[in-house]
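here is my input, please return the structure:
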Amino acid sequence: VGLGGLAEQCDCTDDYLSHLFSRSTGEHLVAYINRQRMERARHLLRDATLAGKEVAWACGFATQSYFIRIFREHHGKTPAAWRATR
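Okay, here's the model as predicted:
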């Protein structure tokens, strides 16, 4: 679930939900969501039977290219390179 989906479930705007979350935790909501997605991605990448795009979709990314970009920002390497070291 992304920011828009969470805001809709809370019956508020994306900006308001982000503001409340940031004020309560000191962390941006999008950063928190992406961190949670990266934890799930690392777990799923340990399963060699899943393709990279399947991992991306399972973690809530619409495209594999965006998933790779965010993964590289968090881990310093692509999902394929990370998987190869495990």
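
helix or strand for the residue lying farthest from the centre of the chain, which one?
The outermost residue of the chain, judged against the average C-alpha position, is D11 (22.3 Å), by C-alpha atoms, centre = their mean. Using DSSP states H and E, D11 maps to neither a helix nor a strand.

quick check: it vs L29, distance?
The gap separating D11 from L29 is 16 Å, by C-beta to C-beta, to the nearest Å. The way it works is simple: take the backbone N, C-alpha and C, and place the C-beta from them, glycine included.

now C59. Nearest residue, chain neighbours left out?
Leaving aside its chain neighbours, C59 sits nearest to R37 (4.4 Å; criterion: C-beta to C-beta, 6 or more residues apart in numbering).

elements contacting the helix or strand hosting that neighbour?
Here R37 sits within helix 29-45, counting by DSSP H and E. When contacts are defined as 3 or more C-beta pairs under 8 Å, 6 or more residues apart in numbering; DSSP states H and E, helix 29-45 packs onto helix 3-9, helix 14-25, helix 52-58, helix 64-75, helix 79-84.

nothing else from me, thank you.
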